[in-house]
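[1] Sequence plus the predicted model coming up.
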Amino acid sequence: MTITITSPITGGAQTGFTTPTYTVTTDTAPDVNGKQVAVTALGGTQAGVTVHSAANPFTATFFRPKTFRALTAPNPVNGRLASVPRNVYGIIVRKGVTPLAGQPVTNLVIRTTIEVPAGADVADGPNIRAAISMLVGLLNQQSAGMGDTYVTSLF
């Protein structure tokens, strides 16, 4: 995996936060096909935010397929592929949150999956990169709006 997570991570803009950063350390991923970090310190102004602990997690995990799928041979009569399998990559962010004052922490989970059609890695790398670039830019651009929507329920 060429995913190399460097610390600190500069957070996206959020209402009420000033220049948020997250100091991370390498953690053990839940499975062998993942890389995980845990947040050990916060930077900027983030009132009320907690760092990672066993009882209150704050982690990010990148996954790749355990077994990569490949294209099968095209149909010899019509030259078409019968099916195009997908190699599924993922990112999971876990953060302990309090559902009600005095209650135990429960996990907020953000799952992102990226399904790359087998063969596209060789035949169309630039368009895979463009999709990822647009996604990261969109998330960065909409970070505060997403936070506001998930806290206020206003769209």
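    Thanks, I have it.

[2] drop to CA atoms for contacts and neighbour counts, all remaining ones
    Noted.

[3] helix or strand for the most centrally placed residue in the chain, which one?
    Central residue of the chain (CA atoms, centre = their mean): Ile91, 3.2 Å from the mean position. Ile91 is located in strand 86-97, with elements delineated by DSSP states H and E.

[4] which residues make contact with the next helix or strand after that strand from outside it?
    Toward the C-terminus, strand 86-97 is succeeded by strand 106-117 as the next helix or strand (DSSP H and E). Strand 106-117 is contacted by residues 56-57, 84-99, 128 when judged by CA atoms under 8 Å, 6 or more residues apart in numbering.

[5] Compute the inter-axis angle for the strand holding Ile91 and strand 106-117.
    Put simply, strand 86-97 runs at 170 degrees to strand 106-117, going by axes from the mean of the first three to the mean of the last three CA atoms, to 10 degrees.

[6] Out of the contacts of strand 106-117, which end up buried?
    56-57, 85-89, 91, 93-97 (16 or more other CA atoms under 10 Å).

[7] Closest to Thr25 out of those residues?
    Pro57 (13.1 Å; CA to CA).

[8] who's in contact with that closest one?
    Contacts of Pro57 (CA under 8 Å, 6+ apart): 38, 51, 94-96, 107.

[9] go again using 6 Å as the cut-off
    Residues in contact with Pro57 (CA atoms under 6 Å, 6 or more residues apart in numbering) are 95-96.

[10] right, and Arg94 touches Asn56 too?
    No: assessed by CA atoms under 6 Å, Arg94 is found out of contact with Asn56, at 9.3 Å.

[11] how about the strands in this structure?
    Counting by DSSP state E, the chain has strands at residues 9-10, 18-27, 34-45, 58-63, 86-97, 106-117.

[12] Any chance of a markdown table for these, columns distance to Val151 and mean pLDDT?
    A markdown table is the format used below for the strands of the chain (distance: least, CA to CA, whole Å; pLDDT from 0 to 100):
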| stretch | distance to Val151 | mean pLDDT |
| --- | --- | --- |
| strand 9-10 | 21 | 96 |
| strand 18-27 | 18 | 96 |
| strand 34-45 | 18 | 96 |
| strand 58-63 | 18 | 96 |
| strand 86-97 | 12 | 96 |
| strand 106-117 | 13 | 96 |
